[in-house]
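> The sequence and its predicted three-dimensional model are supplied below.
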Amino acid sequence: MSELPHGTVTLLFTDVEGSTGLVQQLGSRYERVLDDHRSLIRGAVAEAAGHEVDCRGDEFFVVFPDANGAVSAALAAQQSFNEHAWPDGVEVRVRMGMHTGEPSVRPEGYFGLDVHRAARICQAGHGGQVLLSRETRDALDGQHELEDLGVHELHGLPEPEHIFQLAVPGLPKRFPALKFSRKGLRGMRIVLADDSVLLREGVARLLEDAGFDVVAQGGTAEDLLRHVAMHKPDVALVDIRMPPTQTDEGLRAAQEIRERFPDCGVLVLSQYVEPGYAMELLGQNAEGVGYLLKDRVADVDEFAAAVRRVGEGGSALDPAVVSELVGRRRRDDPLEALTPREREVLELMAEGKSNQAIAEKMVITLRAVEKHVTSIFGKLRLSSTDQDHRRVLAVLTFLRS
């Protein structure tokens, strides 16, 4: 290990997304995919003067004397993955995360919090995504296109991380919300619209007390759209019925926000249970969308959690809306194969609850919930892919049936 660089270095972790599914799909043929993946990684690392610290299965830990070398290797590797002719038409998507710091060096490798930060940043990403810490961003020469993803709390780290995404030329730039993270409430910006001044001010006060930053308020749909365009908030809260007709102005504004500002979550507040409006809002995507009755605002903790989920790209549907959708009569119901327990799990998924929250609600183990969720995916024929994406597809199948 004597050749490993000391002092300030950039640590890069990589990991194949959905590798377990690939193994199940390919069997012994996965060995060739793994060999090709390793060859492409090592070629990009060598070209950028990097050093391989560890390789376990489909994971790599490499280090570079400077941040520009790490970014160059990440760009080259991602482009090579995209261009490579993978066997059996499979798609190999690799997540990458890097951090610049001064880790301790021992004969067996690198140690310290900087190593854990780089690994956690990698784990938060999705296949094809390259994430950087603020320290790595600051160490670059400024020639790269970066997107500020904000401040996130990553599991096991003592302080929130300011994370940036590296744009890879020719490859997608849009990804779901980061995994295993909780966006810092102090960094979550809210725009609020309701024609009732009393209610609007009350909701704003509750959100501010919960740690959110309410950057603008308005009483009409036009106000809402203008504020969203100006402030680029994380979440827009809007009443469905607003002036001048008191019908669906708020809903139309919410749909326009989803089209024009895809990074902004939308949480609709309504006085009544209107499942048709909820389905219209969901459209083809349940990410970053919420529909709650105004009565739910009284439960501050649940309300704040719903706003946070929507801001992080999740969903939050009022239990009353879910219950009414469940009660509809269905023809050719794709959910008939589900057991009553599985249907109950799916209902709670539709409300936006995590596996842990479902376990607590149903008073069962987390492992039991995970088994139910896996069974639901199988019965709904949702192929093995990103876990969060399959969760959204399952919810949409449930709501539209």
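Nice, I can see it.
> Quick check: which element contains the residue sitting nearest the centre point of the chain?
In the chain, the centroid-proximal residue (Cα atoms, centre = their mean) is residue 177; its distance is 1.7 Å. Under DSSP states H and E, no helix or strand contains residue 177.
> For it, give me its contacts.
By Cβ atoms under 8 Å, 6 or more residues apart in numbering, the contact list for residue 177 reads 287, 288, 312, 313, 314, 388. Glycine gets a C-beta too; all of them are placed from N, C-alpha and C.
> The stretch 101-250 of the chain: helices as residue ranges?
Assigned by DSSP state H, counting those that start in this stretch, the helices in the stretch 101-250 of the chain fall at 113-123, 134-139, 197-209, 221-231, 249-260.
> out of these, nearest to residue 94?
Residue 94 lies closest to helix 113-123 among the helices of the stretch 101-250 of the chain, at 9.7 Å (Cβ to Cβ).
> For the closest one, name the packing helices and strands.
Other elements packing on helix 113-123 under the criterion 3 or more Cβ pairs under 8 Å, 6 or more residues apart in numbering; DSSP states H and E are strand 9-16, strand 94-101, strand 130-133, strand 146-154, strand 161-166.
> where in the stretch 1-150 of the chain is pLDDT low?
1-2 (pLDDT under 70).
> ok, now with 90
1-6, 17-30, 56-57, 86-91, 105-109, 111-112, 123-124, 141-145, 147-150 (pLDDT under 90).
> Which among the helices and strands packed on helix 113-123 is found nearest to residue 261?
strand 146-154 (14.5 Å).
> got the buried residues for that closest one?
Within strand 146-154, the residues scored as buried using 16 or more other Cβ atoms under 10 Å are 146, 149, 150, 151, 152, 153, 154.
> and which of those residues is nearest residue 110?
For those, the nearest to residue 110 is residue 154 (18.6 Å; Cβ to Cβ).
> where's the closest one relative to residue 162, distance?
Distance from residue 154 to residue 162, counting by Cβ to Cβ, to the nearest Å: 11 Å.
> now residue 177
From residue 177 to residue 162 the distance is 16 Å (Cβ to Cβ).
> quick check, nearest of the buried residues of strand 146-154 to residue 271?
residue 150 (32.3 Å).
> my guess is that closest one meets residue 160, correct?
No: shown here, residue 150 and residue 160 do not form a contact pair, counting by Cβ atoms under 8 Å, at 9.4 Å.
> now stretch 105-119, how far from the chain's geometric center?
Centroid separation between stretch 105-119 and its chain, computed with Cα atoms, centre = their mean, to the nearest Å, is 27 Å.
> Same question for stretch 65-76.
Distance, centroid of stretch 65-76 to centroid of chain: 25 Å (Cα atoms, centre = their mean).
> So which residues make contact with it?
Contacts of stretch 65-76 (Cβ under 8 Å, 6+ apart): 5, 9-12, 43-45, 47-50, 62, 64, 96, 98, 100, 130, 132, 136, 139-141, 144, 166, 168-169.
> tell me which residues in that stretch are buried?
So for stretch 65-76, counting by 16+ other Cβ under 10 Å, buried means 65, 66, 67, 68, 69, 70, 71, 72, 73, 74, 75, 76.
> Next, format the residues you listed as JSON lines and append distance to residue 194.
Output for the buried residues of stretch 65-76, formatted as JSON lines (distance: Cβ to Cβ, whole Å):
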{"residue": "65", "distance to residue 194": "55"}
{"residue": "66", "distance to residue 194": "51"}
{"residue": "67", "distance to residue 194": "46"}
{"residue": "68", "distance to residue 194": "49"}
{"residue": "69", "distance to residue 194": "52"}
{"residue": "70", "distance to residue 194": "47"}
{"residue": "71", "distance to residue 194": "45"}
{"residue": "72", "distance to residue 194": "50"}
{"residue": "73", "distance to residue 194": "50"}
{"residue": "74", "distance to residue 194": "45"}
{"residue": "75", "distance to residue 194": "46"}
{"residue": "76", "distance to residue 194": "50"}
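> Looking at these, which is nearest residue 365?
Nearest member of those to residue 365, counting by Cβ to Cβ, is residue 74, at 38.7 Å.
> tell me which element the closest one falls in.
Per DSSP H and E: helix 67-83 holds residue 74.
> Count the residues that sit near residue 132.
31 (other Cβ atoms under 10 Å).
> quick one: it from residue 52, how far?
Applying Cβ to Cβ to residue 132 and residue 52 gives a distance of 20 Å.
> Residue 18 too?
23 Å.
> One more: residue 98?
When residue 98 is compared with residue 52 (using Cβ to Cβ), they lie 15 Å apart.
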